[in-house]
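> this is a predicted model, with the sequence first.
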Amino acid sequence: MPKQSIQAPLIGLIPAAGVGSRARPYTHKTHKGLFNINGRTNLERIVSLMRDDLGIEKIIVIVGYLGDSIREHLGDGSKYQVKIEYIENTKLERGWAWSVLLAREHIDTHFCVMLCDEYYTSSNHVELKNFPFSAYLSVCTGIRVDDVTLIKQNYAIEHNAGVVTNLIEKPKTVTNDIMGSGTFLFSPKIFDMLDAKFKANNYASFNLINELNNSIRSGASVSFFELLGNYVNINDPDSLQLAKYRDRIAHFSEYKISLLICPVGNEHDIQFTTKRYRELRIFDQISIVLPSDHQLKQEVSASNIDTIICPPRYKYFGQRVKYGLSELKGDIFITTEADYSFANRDVEKLLGYLKEADIVVGTRTTRQLIHKGSRMHGAARLAHSGLGKLIQVLWWTRGGRFTDVGCTFRAIWATSYREMESHLLSTGPEFLAEMVMQGLHHRQRIIEIPVNYFNRSKSLNLRHRNVATFIRILLFIVRKRIKLLFSS
């Protein structure tokens with residue numbers, strides 16, 4: 001490895017002009033760099049990584065498709081303690097090599113390129129700051145993988161003692177376990193190489209990796225740096241969910257969990273309910289939401305539980321649940337009923353699946369888990385299943401499978417709820433179904449799991465388990481679907 005000399009600070013360059021065709025339909029209205037990964041867009045994450053790990057203070061973002069949304073979101077960079085400048089790419093057909101070349105007049109030193117659709121967590125990018133990059137035309141980074149199909153979808157790196165000998169875009173055969181990533185360090189000399197290639201190619205598009213490999217064959221020195229940690233190339237819905245999952249498991253123990261108890265009326269099991277859930281010792285907040293004229297004051301006071309009192313105008317069940325959720329402070333929200341209709345042991349089920357999903361909804365229609373006296377048999381079970389299947393059919397392309405969208409027992413990420421909160425307009429028992437529908441509309445992943453059910457609430461049976469409520473929810477589902485279709 002060449003002896004390291006004093007190196008000037010790096011400049012950051014983020015090509016973010018492409019249309020993200022592989023991630024359609026997610027990119028129809030949202031740029032792929034603005035995909036929300038647990039409350040933060042991927043562009044925010046890249047900017048933070050450049051700043052914190054590489055000491056970069058100036059970042060140039062190349063925009064094109066939906067570029068205004070990126071400018072609006074990142075601004076001038078002051079909220080991230082960096083300076084962000086923008087360059088417009090009006091020739092998207094020339095590829096991301098053209099985006100890099102457009103920065104030529106703005107960069108006169110070594111710079112770091114990071115693609116806007118690549119997610120990293122627990123990586124060692126910080127070590128690049130001390131890597132002797134000034135001795136090379138480029139430093140290509142790669143990460144070791146055990147699935148060679150990933151390499152075939154990206155590019156392969158072959159090297160000898162850290163010096164790159166071959167770069168192969170989407171190789172048909174793989175010779176090692178190194179998959180090239182979208183982090184590069186470039187000398188400003190790369191601009192001359194790209195400019196010459198575009199002129200020789202009559203400004204038609206070309207593959208930057210292939211051209212970099214041609215420069216290696218012509219004697220250019222390109223180095224390899226092995227990245228550690230987790231990496232996801234976000235180019236389709238599944239990879240977006242994988243990025244969310246990787247981020248969640250990396251920080252799951254740090255998340256605060258809030259439990260919201262949602263009484264219907266005259267339940268008298270609140271002390272028993274709160275005792276059972278407290279036994280789990282996982283909740284950072286346990287709250288009960290009540291109307292202003294609540295009848296459960298004495299019961300709630302005896303249970304020593306945090307109380308959320310709704311304003312007088314919030315008279316109906318859906319309004320109270322929405323208000324209660326707005327008052328929670330945690331990163332994960334779990335809702336349940338006040339009469340201990342749902343076993344505390346099933347909270348672990350919700351949390352287990354929540355790593356893979358944005359919302360996890362319990363279903364009370366699994367016959368083996370419906371306990372004696374629960375009144376979830378026959379017509380009641382068929383009605384719940386019918387409403388769930390109706391939503392499943394109306395949102396068929398979103399992949400959900402439902403048998404009980406009205407179940408109170410569910411878990412949702414706070415960031416996922418905040419994304420839909422302003423669009424939840426129902427007031428009554430249909431609010432629970434609307435959460436599912438709005439989540440599907442926002443392309444959130446919703447998983448339904450079977451849970452134990454011990455319905456003890458007479459209030460619930462009297463108020464909501466009847467033909468009128470079924471018809472109300474049925475009509476609401478149809479109206480909601482029509483409204484969302486026209487809004488789209």
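Received it, and whenever you're ready, just let me know what you need.
> from now on I want contacts and neighbour counts done on CA atoms only, so please keep to that.
OK.
> return the longest helix along the chain as CSV; C-alpha atoms alone will do.
In the chain, with assignment by DSSP state H, the single longest helix is helix 467-487. C-alpha atoms of helix 467-487 as CSV (Å, rounded to 0.1, in the frame of the first residue of the first chain):
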residue,chain,number,x,y,z
VAL,A,467,-75.8,-5.9,12.3
ALA,A,468,-75.8,-2.1,12.3
THR,A,469,-72.1,-1.9,13.1
PHE,A,470,-71.3,-4.5,10.4
ILE,A,471,-73.2,-2.5,7.7
ARG,A,472,-71.5,0.7,8.9
ILE,A,473,-68.0,-0.7,8.6
LEU,A,474,-68.9,-2.4,5.3
LEU,A,475,-70.1,0.9,3.7
PHE,A,476,-67.2,2.8,5.2
ILE,A,477,-64.7,0.3,3.5
VAL,A,478,-66.3,0.8,0.1
ARG,A,479,-66.4,4.6,0.4
LYS,A,480,-62.8,4.8,1.6
ARG,A,481,-61.6,2.7,-1.3
ILE,A,482,-63.5,4.9,-3.8
LYS,A,483,-62.1,8.0,-2.2
LEU,A,484,-58.5,6.8,-2.3
LEU,A,485,-58.9,5.7,-5.9
PHE,A,486,-60.0,9.1,-7.0
SER,A,487,-57.3,10.9,-4.8
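> just checking, what packs against it?
Applying 3 or more C-alpha pairs under 8 Å, 6 or more residues apart in numbering; DSSP states H and E, one finds that helix 467-487 makes contact with helix 378-394, helix 431-441.
> out of those, flag the one nearest Ile286.
Among the helices and strands packed on helix 467-487, helix 431-441 comes nearest to Ile286, with 19.8 Å by C-alpha to C-alpha.
> using JSON lines, lay out the helices and strands packed on helix 467-487 together with mean neighbour count, mean pLDDT and distance to Ile449.
Formatted as JSON lines, the helices and strands packed on helix 467-487 follow (neighbours: other C-alpha atoms under 10 Å; pLDDT from 0 to 100; distance: least, C-alpha to C-alpha, whole Å):
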{"stretch": "helix 378-394", "mean neighbour count": "18", "mean pLDDT": "86", "distance to Ile449": "13"}
{"stretch": "helix 431-441", "mean neighbour count": "22", "mean pLDDT": "94", "distance to Ile449": "14"}
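> can I get these in CSV with distance to Ala468?
Output for those, formatted as CSV (distance: least, C-alpha to C-alpha, whole Å):
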stretch, distance to Ala468
helix 378-394, 12
helix 431-441, 16
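> among those, which is nearest Thr173?
If we rank the helices and strands packed on helix 467-487 by C-alpha to C-alpha, the stretch that ends up nearest is helix 431-441, at 39.2 Å.
> pull the distance from the closest one to the chain's centre.
Centroid separation between helix 431-441 and its chain, computed with C-alpha atoms, centre = their mean, to the nearest Å, is 17 Å.
> and what of stretch 132-151?
With C-alpha atoms, centre = their mean, you get 26 Å for stretch 132-151.
> follow-up on the earlier one: relative orientation of the longest helix of the chain and helix 378-394 in degrees?
Angle, helix 467-487 to helix 378-394, by axes from the mean of the first three to the mean of the last three C-alpha atoms, to 10 degrees: 0 degrees.
> the inter-axis angle of helix 467-487 versus helix 431-441?
Angle between the axes of helix 467-487 and helix 431-441 is 20 degrees (criterion: the same axes, to 10 degrees).
> so what touches helix 467-487?
383, 387, 391, 394, 429-430, 433-434, 441 (C-alpha atoms under 8 Å, 6 or more residues apart in numbering).
> now flag whichever of those is closest to Thr403.
Relative to Thr403, the closest of these is Leu387; by C-alpha to C-alpha it sits at 7.3 Å.
> distance check, that closest one against Lys244.
Going from Leu387 to Lys244 by C-alpha to C-alpha, to the nearest Å gives 29 Å.
> check Thr109 too.
Thr109 sits 35 Å away from Lys244, going by C-alpha to C-alpha.
> brilliant, that's me finished.
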